[in-house]
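Visitor: give me coordinates for this.
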Amino acid sequence: MKTAIITGGSRGIGFGIAEKLAAEGWNTALCARQESSDAAEKIMAEFPSVKAKYYKCDVSAAVDREALLAGVLRDFGSYEALVNNAGVAPQVRADILEMTEESFDRVMNINLKGPFFLTQSAGRYFASRKQGVILNIGSCSATVASISRGEYCMSKAGVGMMTKLFAVKMAEFGVNVYEIRPGVIATDMTGTVKAKYDKLIAEGLTLQPRWGEPADIGRAAAMLLRGDLAYSTGTVIDIGGGMEIARL
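Guide: Numbering: from 1, shown residues only. The predicted model follows:
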């Protein structure tokens, strides 16, 4: 049975991905920064035929990243996919003329530096086995500018280049690399601005007039990890209800 590591897997998009993978028979190794989570128990209760385990891991910390990968090998024997989903928004939405270095560093460390070096380590493992799949969860903010959270936009633009870089490098080992760019998805991260996006969606922000759900991202992730786009490494899939289409 295959195992997928899902960072930020205790809730929101990460948990939505875990549910869809478990439904297709994947074991899931979930991690997040909090000390404990019942996410793994929820997965196994819903899908008794699979194994799930939770790991405390701050992806911005090298020691946590290496402990995560070692723990997964110890507990599952192998892993066949890495889903880089962990990410944070700025703690304070500040205009780019007011953004602090502390906020910039925090967001970049968690959203870009951590996933890059986790992928580097997992990539070496995949290269040694000549198999594996890497999936990065980016954001529409990689291309849509938001001056009140510039550090987040820049981190996700960096994830876009990271996808390309690893797609190029890992191709020689038969390892595909993909990216999903969610639009406005109903999670804890967007809960604080729900009224704003309710209004924008009602006014036509998205062609499909609704919020996205974690399950929307989960279905796309399951498709990619089972190999439906096996000849499309480096592919970026926008899941935003058509929000990314430029209109006059």
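Visitor: elements contacting the one helix or strand Ala215 maps to?
Guide: Assigning secondary structure by DSSP states H and E places Ala215 in helix 214-225. Counting by 3 or more Cβ pairs under 8 Å, 6 or more residues apart in numbering; DSSP states H and E, the packing neighbours recorded for helix 214-225 are helix 12-23, strand 81-84, strand 133-137, strand 176-182, strand 236-239. All C-beta spots, glycine's among them, are computed from the backbone N, C-alpha and C.
Visitor: and the residue nearest the centre of the protein?
Guide: Asn85 (1.9 Å; Cα atoms, centre = their mean).
Visitor: just name the shakiest helix or strand of the protein by mean pLDDT.
Guide: helix 188-191 (a mean of 84; mean pLDDT, DSSP states H and E).
Visitor: work out the gap between the following helix or strand past that one and the centre of the chain.
Guide: Downstream of helix 188-191, the first helix or strand assigned by DSSP H and E is helix 194-202. How far helix 194-202 lies from its chain's middle: 24 Å, per Cα atoms, centre = their mean, to the nearest Å.
Visitor: buried residues in helix 194-202?
Guide: For helix 194-202, the neighbour count (16 or more other Cβ atoms under 10 Å) marks Tyr197, Ile201 as buried.
Visitor: ok, which stretches of this protein are helices?
Guide: 12-23, 39-46, 62-76, 101-108, 114-129, 150-170, 188-191, 194-202, 214-225 (DSSP state H).
Visitor: most packed of the ones you listed?
Guide: Neighbour counts (mean count of other Cβ atoms under 10 Å) averaged over each of those peak at helix 12-23, with a mean of 25.
Visitor: please work out which residues outside that one touch it.
Guide: Here helix 12-23 makes contact (Cβ atoms under 8 Å, 6 or more residues apart in numbering) with 4, 6-9, 28, 30, 32, 39, 42-43, 46-47, 50, 52, 83, 85-86, 137, 182, 185, 187-189, 213-219, 221-222, 225.
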